[in-house]
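1. structure of the sequence below:
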Amino acid sequence: MAHVMGKPLVSHFSEEQLQNLLCSTHTFKDASWINRFVFRPYWKWMLEAIPLNTPPTCLLGLNFSLNILALFLLIAKNDISSASSTLPWLYFVCSVLYFAAFTLAGTDAAGRYLRRENGEIQTAREPQATSNSAPSPYASAEYIDRVLDSVIISIKVLFLFHVLGVGGENLSYSAAFAMLVLVTGCFLVQQWEGFVTGVYYSSFFLDSFDVTVFLAFLLKSYFGGSLTWSSLENFGVFGTSISAARLVSSLFVAGGCLSSFKCICRTLKNSPNGLQTVPFLSLLTLIVSQATWLLFPGVPNVFLFLCWSTGVIASNITTEIIFGRMTQSSSIRLNVFSILAAAFAIFNLLGLLGSSVGQRKAWIVFSSFVTVCHTVTTVRAARDMITHLLLAVISCFFGHAGAIFAPVWNQLKKKAK
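-> Numbering: from 1, shown residues only. Take a look at the predicted model:
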């Protein structure tokens, strides 16, 4: 595998890291009334329809697949610049896919939460996991769930872009990129807080964003091409001069900043010393590098690749935070893909990528490369966890079988003598 600055793009996992990952613990606190009074009751109701022994990876895999399918449908059938698809059924189908994916992911999370309450999964209130702790089959699901969420959060932003439109008279490319940065940054800060303190808080901003995307699909399926960002700018709220677009954007920015600020304040309060700031340095490097592309006139041709690669690299940074917490790692290195994004931006600033056609081809290669490397990293971790878990289960089985048949074997040996 390729190396950058002497560091492998795909990490190798030690036996100790895998053991810590499988025996990882954390505390979850519900800080969002949407999650508490809307999402969780619905997910608990769905648990009655889905057996508790359903493999978590099956639900999470379906969740991710449905989101990817909805994104492919929008890219194939909808023009993101005008958001005026003549196929109203497209947005309704996407709303159904989105709701189904949301249901599967939430039901899986609710099932693991219920098992944790019943004592089937170790919580952070119990003694810290050690090398002798029994691996939990749900720890791998915790890891896979958060890694997939770190990618899906960017896909949700792309959904909103296809509904509102980006470019022309709609959202500017700079505003759209800022929206992507705000949402992915909020999710990263949430995971960073969990890494430092061991406590994960649900986010009212991220929960409300889920609701917003679903409602946007439904409204788009009803109003069709007439619902765009430009139409919101021309629509006054309650007959005032304040446009709906300005009100929505103000609430969005205020909600995202407040959510991140609360996470940072809680983290500083609970762990004033030894904070890990490297993830923020990686994120800042990524944001500045990707933002330089907005200065060039060819950005409409590469904007989707820009957003996708930004989401994937932000997901990789978040994955390192998640992995660091679950393996009890004391430090996180500077993200390699952020360095690659910076080098890619420098090449473009120096004019080494040529025309807009050359930039588009370069973006296709770069986006594919970071996607494949990130996929290999996360899949390898999941594969190693599952393999390690199966070996632990087999070993436990033979251990119990030996304890059961040992007295019989000893009795037979005595009779033989």
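2. looking at it, Ile34 is touching Val211, isn't it?
-> Yes. Between Ile34 and Val211 there is a contact under CB atoms under 8 Å: 6.8 Å. Glycine gets a C-beta too; all of them are placed from N, C-alpha and C.
3. so the two - more neighbours on which side?
-> Between Ile34 and Val211, counted using other CB atoms under 10 Å, the more crowded position is Ile34 (18 against 13).
4. any idea how far Thr212 is from that one?
-> Distance, Ile34 to Thr212, using CB to CB, to the nearest Å: 11 Å.
5. got any ranges where the stretch 251-400 of the chain has weak pLDDT?
-> For the stretch 251-400 of the chain, the stretches with pLDDT under 70 are 272-275, 326-331, 381-400.
6. which stretches in it count as helices?
-> Listed in chain order, the helices of the stretch 251-400 of the chain (DSSP state H, counting those that start in this stretch) span 278-291, 299-326, 336-349, 356-416.
7. who's in contact with stretch 339-349?
-> Contacting residues not belonging to stretch 339-349 are listed as 4-5, 285-286, 288-290, 292-293, 296, 309, 313, 353, 359, 362, 366, 370 [CB atoms under 8 Å, 6 or more residues apart in numbering].
8. mind listing what's buried in it?
-> Ile339, Leu340, Ala341, Ala342, Phe344, Ala345, Asn348 (16 or more other CB atoms under 10 Å).
9. columns distance to Tyr98 on top of those residues, output as TSV?
-> TSV is the format used below for those (distance: CB to CB, whole Å):
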residue	distance to Tyr98
Ile339	34
Leu340	31
Ala341	29
Ala342	34
Phe344	31
Ala345	32
Asn348	34
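10. name the nearest of the residues you listed relative to Val253.
-> Ala341 (24.1 Å; CB to CB).
11. dead centre of this structure: give me the residue that sits there.
-> Closest residue to the average C-alpha location of the chain: Ser150 at 1.2 Å, with CA atoms, centre = their mean.
12. residues touching it, list them.
-> Neighbour list for Ser150: Thr184, Phe187, Leu188, Gln191, Ala314, Ser315, Thr318, Thr319, Ile322 [criterion: CB under 8 Å, 6+ apart].
13. which one (most neighbours) among those residues?
-> In the contacts of Ser150, the most neighbours by other CB under 10 Å go to Ala314, 30 neighbours.
14. look at the residue nearest to it when sequence neighbours are not counted and report its pLDDT.
-> Nearest non-adjacent residue to Ala314, counting by CB to CB, 6 or more residues apart in numbering: Thr184, 4.3 Å away. Listed pLDDT for Thr184 reads 95.
15. mind putting the contacts of Ser150 into TSV with distance to Ile332?
-> Below are the contacts of Ser150 laid out as TSV (distance: CB to CB, whole Å):
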residue	distance to Ile332
Thr184	17
Phe187	16
Leu188	12
Gln191	11
Ala314	14
Ser315	15
Thr318	11
Thr319	11
Ile322	10
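16. ok, these vs Phe64, which is closest?
-> Closest approach to Phe64 among the contacts of Ser150 (CB to CB): Ser315, at 11.8 Å.
17. wait, a strand at the residue nearest to Ala314?
-> No. Per DSSP: H, G, I helix; E, B strand; the rest coil, Thr184 lies outside any strand segment and is helix.
18. so how far is Ala342 from it?
-> For Thr184, the distance to Ala342 equals 17 Å [CB to CB].
19. and if you look at Leu171?
-> 26 Å.
20. also Val302?
-> Taking CB to CB as the measure, Val302 falls 17 Å from Ala342.
21. cool, and Val96?
-> According to CB to CB, Val96 stands 40 Å off from Ala342.
22. Gly239 now?
-> According to CB to CB, Gly239 and Ala342 sit 48 Å apart.
23. how about Tyr42?
-> 43 Å.
24. can you report phi and psi for Gly165?
-> For Gly165, the backbone dihedrals (degrees, to the nearest 10) come out as phi 90, psi 140.
25. my guess is it contacts Ser226. True?
-> No. Distance between Gly165 and Ser226: 11.5 Å, which falls outside the contact criterion (CB under 8 Å).
26. looking at these two, which has the bigger crowd around it?
-> Neighbour count, other CB under 10 Å: between Gly165 and Ser226, Gly165 has more, with 24 against 9.
27. on that earlier part again, helix or strand: which one has the residue nearest to the centre of the chain?
-> Using DSSP states H and E, Ser150 sits within helix 139-164.
28. ok and that helix relative to helix 299-326, angle-wise?
-> If you take axes from the mean of the first three to the mean of the last three CA atoms, to 10 degrees, helix 139-164 sits at 160 degrees to helix 299-326.
29. can you give me how far helix 139-164 is from the chain middle?
-> Its chain's C-alpha centre and that of helix 139-164 lie 4 Å apart, by CA atoms, centre = their mean, to the nearest Å.
30. now that helix: average pLDDT?
-> 86.
31. buried ones in stretch 215-225?
-> Ala216, Phe217, Leu218, Lys220, Ser221, Gly224, Gly225.
32. so how far is Ala100 from Val38?
-> 17 Å.
33. actually Phe303, sorry about that
-> To Ala100, Phe303 is 28 Å away according to CB to CB.
34. those two - which one has more neighbours?
-> Under the neighbour definition other CB under 10 Å, Phe303 and Ala100 were set side by side, and Phe303 has more, 21 against 15.
35. how near is the more buried one to Ser81?
-> According to CB to CB, Phe303 and Ser81 sit 9 Å apart.
36. just Cys257 next, same as before
-> Taking CB to CB, one finds Cys257 at 28 Å from Ser81.
37. more neighbours: which of these two?
-> Higher neighbour count among Cys257 and Ser81: Ser81, with 17 against 14, using other CB under 10 Å.
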